[in-house]
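**Q** Need a 3D model of the following:
(chains A and B)
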2 protein chains.
Amino acid sequence: MLAEIITIGDEILIGQIVDTNSAYISQELNRVGVQVYQITSIQDDKGHILQALANAQKNADLVLITGGLGPTKDDITKHTLCEYFEDHLIENPKVLAHINTLFSQYFNREPLPANRLQALVPSKARVFLNNHGTAPGLWLEKNNTVFVSMPGVPYEMKYLMQDSVLPCVIEKFKRPFIYHKTLLTYGKGESQIAKNIEDWEDKLPSDIKLAYLPALGKVRLRLSSKGLDENLLKQNVDAQMEILSDLLADIAIGYEEETSIERRIGSLLMDRGQFLSLAESCTGGAIANQITANAGSSGYFKGGIVPYETELKTAILGVDAELIREHSVVSIPVAEAMASCSNQLFGSDYAIATTGIAGPSKGDGRDEVGTVCIAIATPQGVVSEKFNFGKARERVVSKATNKAFEMLHKEILKN
Amino acid sequence: MLAEIITIGDEILIGQIVDTNSAYISQELNRVGVQVYQITSIQDDKGHILQALANAQKNADLVLITGGLGPTKDDITKHTLCEYFEDHLIENPKVLAHINTLFSQYFNREPLPANRLQALVPSKARVFLNNHGTAPGLWLEKNNTVFVSMPGVPYEMKYLMQDSVLPCVIEKFKRPFIYHKTLLTYGKGESQIAKNIEDWEDKLPSDIKLAYLPALGKVRLRLSSKGLDENLLKQNVDAQMEILSDLLADIAIGYEEETSIERRIGSLLMDRGQFLSLAESCTGGAIANQITANAGSSGYFKGGIVPYETELKTAILGVDAELIREHSVVSIPVAEAMASCSNQLFGSDYAIATTGIAGPSKGDGRDEVGTVCIAIATPQGVVSEKFNFGKARERVVSKATNKAFEMLHKEILKN
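**A** Next up, the predicted model:
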């Protein structure tokens, strides 16, 4: 069975927001065996919405719509749904009661008239209460196609997907199994990898699809397959994935469903009862942010410092000021000293240090924009390397972050 | 004139990556007066690509395609373009020379055969050299519609947009002016704002469109208009925006084209020659990361510390251990002490401190998951507030970050 996702909102079409809802919905649908055929983003415009609904109906058994359900005047999805389904709006007492409760509980005031309008729903719709907001989810059917409308606020949409939409989809449709498995690699490019695995790729069974997903310093390799026998499906894909992992043993980190490189590092450290700390200059907290995004990171992460001003590398972290004068703040000796000092300051076993020139101006460094020195202090000593990550600030930070994780992971595995 | 964006790649439809390219392309097209009518994400499938091209041709004068141009076997865009344009591939000597130079310069080796295949282009295409990669941009025309194909790697796509595609679009098409202006507000919800500005909104001229863009703790209000007379357009929108800003003076931060709240804070501090530091516990580097993402932040940002382990709040930051024992680590007194200590440690004028329980487990705090204490130390003293930001870890961190910026901004304006 096929699904289409329609996102409604001018903010997407003028590029003011990035559409993250579609990725979430696609993932969740895939998980339950529903293949997403197309994602369509359209304007807050009645004619365009009607056309998109009609087009989607031609290909899809299930159409998931987000956006355009807010309490303000720029939201028109609900009225357009009434037109498409030849329906009219009625006040739903359960939704109204829910809105009243929500306001008295969280805001300690009466809902405004605009909030109460959220209780109006198409009379033919099955209504899903939204515990995280005021706009309900709506389930409508026309000629064997199911249309579900949800608010565009990600937190509310996610609640409705989990609480109502997915369970109803599972009940309503017969679905095959879809299985993806992704290998995460760091350190080689797409075409180098392709050459290494050419023979294996040529012999890959035609019902298993390989995709390359390159990013800054890493490449993900995804195998996908679908079928009715879940066990057979997983067996076949897992067997191919095992061969692939062996072929790429020197650069593989693990499977992405289960891990990211920072989670992999976290579980290695936890197993050993060891701790990490960070001294981030040019990455400015990006590494700390990525580590602490994982629940449970306090089990292996002591903390970090962002000594952005050069003098603070001495004053707080304890790097010898003479070393900075002699080698410049962006240098291998300074990066190594930062990493060692970080282990001392935080009482950790491993430390990452970054110092570099993210640009566009050169700051206190003597090198070119994009120069970054990364050092990893370990229980055995310090390793380090100097890079040039190009001229774009954001990319310099991302590449430095990925490279630092790659270097740390290697060092942990050595010990 | 209207444009459609088509992104090709199963990785988008299975939700493995979020499509950020479309937002970038939409913004850039809007900037030069091209309205994006629709964004369509489709599979790596010949039939589906052909159908999408034909559908786009019905509505759009310009179709921008990204993805499916990589060197590996899962990329089929180029062959499908040949079929749609009844064309064939030829080797382009300029692209081949560029690939050879790139490899000898950056990788110090010969390109692989897969890399050399990137020099094959449809014979009817105008070819744009890609200085940031091997796959060129392709410009093809059919019945007055222009199709441009670009690689899906954001860095390469952005280079081609700026270097070739936008200049050629400007030359080829007559375009109106499109003007957006967005007011950024912190502290009130969408429906409260709607009620405050109801009278004004009802009288807004019909050629100016208002949109509400709510996010965690902030709401953006966008006015949009388009027309042939650029000056008149700006005058009209700016005049309405001035009224709107006055109506929302208590919650408005500034215009988003010019500023984010962290950039606004940065320029206020720079004007005064003052500095900021951070002591982030539950936000784990997220605030530092957001500040240092801005070029020039070293002009007002001393640095930050992430004392993730409770003991480090005492050992490094200098918070009285007795205070933590007495009030618990997530408490107003501890947050205030962290902020004051941060100013001392870093020698800054303002400091933000966060301590809280991002969840899902409660860590060393005594309160519920989602509890966050934020303190702002200023040259005059310390202010602080305790919040509950809900149960979702990522949202707790984002809301705390937004609220911290809102509180700091208010304090700076008082002084």
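**Q** C-alpha from now on. contacts and neighbour counts both.
**A** Fine.
**Q** is it true that A:V148 touches A:F128?
**A** No: shown here, A:V148 and A:F128 do not form a contact pair, counting by CA atoms under 8 Å, at 10.0 Å.
**Q** where along the stretch 151-300 of chain A do the strands fall?
**A** A:177-186, A:209-215, A:218-227, A:252-255, A:276-280 (DSSP state E, counting those that start in this stretch).
**Q** wait, A:L323 sits on A:V334?
**A** Yes: A:L323 is in contact with A:V334 according to CA under 8 Å; the separation is 6.7 Å.
**Q** Have a look at chain A and report the helix or strand with the lowest mean pLDDT.
**A** Least confident helix or strand, chain A: helix A:113-116 with a mean of 81, by mean pLDDT, DSSP states H and E.
**Q** Could you list the low-pLDDT ranges of chain A?
**A** A:70-75, A:257-259, A:363-365 (pLDDT under 70).
**Q** how is it carved up into domains?
**A** Taking automatic domain parsing as the reference, chain A has its domains at A:2-172, A:177-255, A:261-414.
**Q** can you give me the strands in the stretch 301-415 of chain A?
**A** Under DSSP E, counting those that start in this stretch, the stretch 301-415 of chain A gives strands at A:301-306, A:350-356, A:371-378, A:381-388.
**Q** that older thread, winner for burial among the domains of chain A?
**A** Of the domains of chain A, the one with the most neighbours on average (mean count of other CA atoms under 10 Å in any protein chain shown) is domain A:261-414, at a mean of 22.
**Q** To B:P205, which of the strands of the stretch 151-300 of chain A lies closest?
**A** Of all the strands of the stretch 151-300 of chain A, the one in closest proximity to B:P205, counting by CA to CA, is strand A:209-215 (45.7 Å).
**Q** For that closest one, which strands pair with it and how are they oriented?
**A** As defined by DSSP bridges, the strand partners of strand A:209-215 come to strand A:218-227 (antiparallel).
**Q** what's the angle from the strand it pairs with to strand A:177-186?
**A** 170 degrees (axes from the mean of the first three to the mean of the last three CA atoms, to 10 degrees).
**Q** Tabulate the strands of the stretch 301-415 of chain A (TSV), appending distance to chain B.
**A** Shown next, in TSV, are the strands of the stretch 301-415 of chain A (distance: least, CA to the nearest CA, whole Å):
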stretch	distance to chain B
strand A:301-306	4
strand A:350-356	13
strand A:371-378	15
strand A:381-388	11
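**Q** Columns distance to B:G33 on top of those, output as a markdown table?
**A** Compiled in a markdown table, those are given as follows (distance: least, CA to CA, whole Å):
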| stretch | distance to B:G33 |
| --- | --- |
| strand A:301-306 | 42 |
| strand A:350-356 | 39 |
| strand A:371-378 | 38 |
| strand A:381-388 | 37 |
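**Q** of these, which approaches A:D238 most closely?
**A** Of all those, it is strand A:301-306 that lies closest to A:D238, at 32.7 Å by CA to CA.
**Q** picking that back up, could you dump the domains of chain A into JSON lines with distance to B:F387 added?
**A** Shown next, in JSON lines, are those (distance: least, CA to CA, whole Å):
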{"stretch": "domain A:2-172", "distance to B:F387": "13"}
{"stretch": "domain A:177-255", "distance to B:F387": "37"}
{"stretch": "domain A:261-414", "distance to B:F387": "20"}
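**Q** dump the residue contacts of A:R393.
**A** A:R393 makes contacts with A:A358, A:G359, A:P360, A:G370, B:A293, B:A295, as judged by CA atoms under 8 Å, 6 or more residues apart in numbering or on different chains.
**Q** List phi and psi for A:S331.
**A** Backbone torsions of A:S331, given as degrees, to the nearest 10, read phi -160, psi 160.
**Q** Surely A:L210 is in contact with A:R222?
**A** Yes: with contact defined as CA under 8 Å, A:L210 counts as touching A:R222 (5.6 Å).
**Q** Could you check how far the residue lying farthest from the centre of chain A is from B:T182?
**A** Computed with CA atoms, centre = their mean, the residue of chain A farthest from its C-alpha average is A:E322, at 42.5 Å. According to CA to CA, to the nearest Å, A:E322 stands 49 Å off from B:T182.
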